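>>> need the 3D shape of this:
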Amino acid sequence: MRILIVRHGDPDYEHDTLTEKGHREAALLAAKLSKEKIDHFYSSPLGRARHTCDYVAKAHGKQSEVVIKDWLKEFGCTCTLPSGRLRDIPWDMLPAEWIDDAQMYDKDRWYQQDYYVKGGMEQRYRKVTDGLDELLASHGYKRDGNVYRTEQGHTETIVLFCHFGLEMVLLSHLCGISPIPLWHHFVALPTSVTTLYTEERREGTAVFRCCGFGDVSHLYAGGEEPSSSARFCEIFHSDDRHD
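Residues are numbered from 1 along each chain as shown. Sure thing, here's the model as predicted:
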């Protein structure tokens, strides 16, 4: 089984759609993925993800087959961090707020911080991971501890159109690690494609393995500079985003 995780195109957050650049990015993505075999389409209900999905589904003649999943919408809950910052996306933290705390690297303890408990972080996280496991079970891969059991593996491809923060939650669950380092050390740019395959080295037992993260080669091939959405300043003394 193959999973493609696609982040939406350059976002117009105010209107929950794509910018003009985002539409160009989505068109280039559709041209790239039109050559791929995709069996099932799933999308976040938010406009920027749905509109990106529309380009690719149309290229496959499967617009009517797109399934909307509420748990694929952008990940977040409201928390007041120890620094006093109020965040709707509390995983977007400054290094001093998390990097020296060993608990943040623990896959079973990171959401037990007092400010995460008060904000309902674990419940939000479980909604996503339970939704993912339910979806995978419908395709024949049932979660059992840290692996997936399958009676008959297959080579179908599913594609999930979603958001950066949400993508790191999916990867953390599939790989059995805390999402905190993923949120802060990785960035999936708009219309990037992350690819995972199952590996069934023993019959009936599968794990997912990432063979490509954040691919934006379709943008470079089309002469489109990747968007910097979700990135911050490369150097402090610049006009780029700092907060």
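
>>> drop to CA atoms for contacts and neighbour counts, all remaining ones
Will do.

>>> output the lowest mean pLDDT helix or strand found in the protein.
When each helix and strand of the chain is scored by mean pLDDT, DSSP states H and E, strand 86-87 comes last, with a mean of 90.

>>> helices and strands around that strand, which ones?
Here strand 86-87 touches strand 79-80, going by 3 or more Cα pairs under 8 Å, 6 or more residues apart in numbering; DSSP states H and E.

>>> okay, now the residue nearest to Gly76 when sequence neighbours are not counted: neighbour count?
In space, and not counting its chain neighbours, Gly76 is closest to Ile89: 4.6 Å by Cα to Cα, 6 or more residues apart in numbering. Applying other Cα atoms under 10 Å, we find 14 residues neighbouring Ile89.

>>> just confirm Ile89 is within a helix.
No. Under the criterion used here (DSSP: H, G, I helix; E, B strand; the rest coil), Ile89 is coil, not part of a helix.

>>> mind checking how far Asp108 is from Pro179?
For Asp108, the distance to Pro179 equals 11 Å [Cα to Cα, to the nearest Å].

>>> now the spatially most central residue of the chain: which helix or strand?
A centroid search over the chain (Cα atoms, centre = their mean) returns Glu167, at 1.3 Å, as the residue closest to the centre. Assigned by DSSP states H and E, Glu167 falls within helix 164-175.

>>> quick one: the residue nearest to Gly76 and Thr78 touch, right?
Yes. If you go by Cα atoms under 8 Å, Ile89 and Thr78 touch, sitting 6.8 Å apart.
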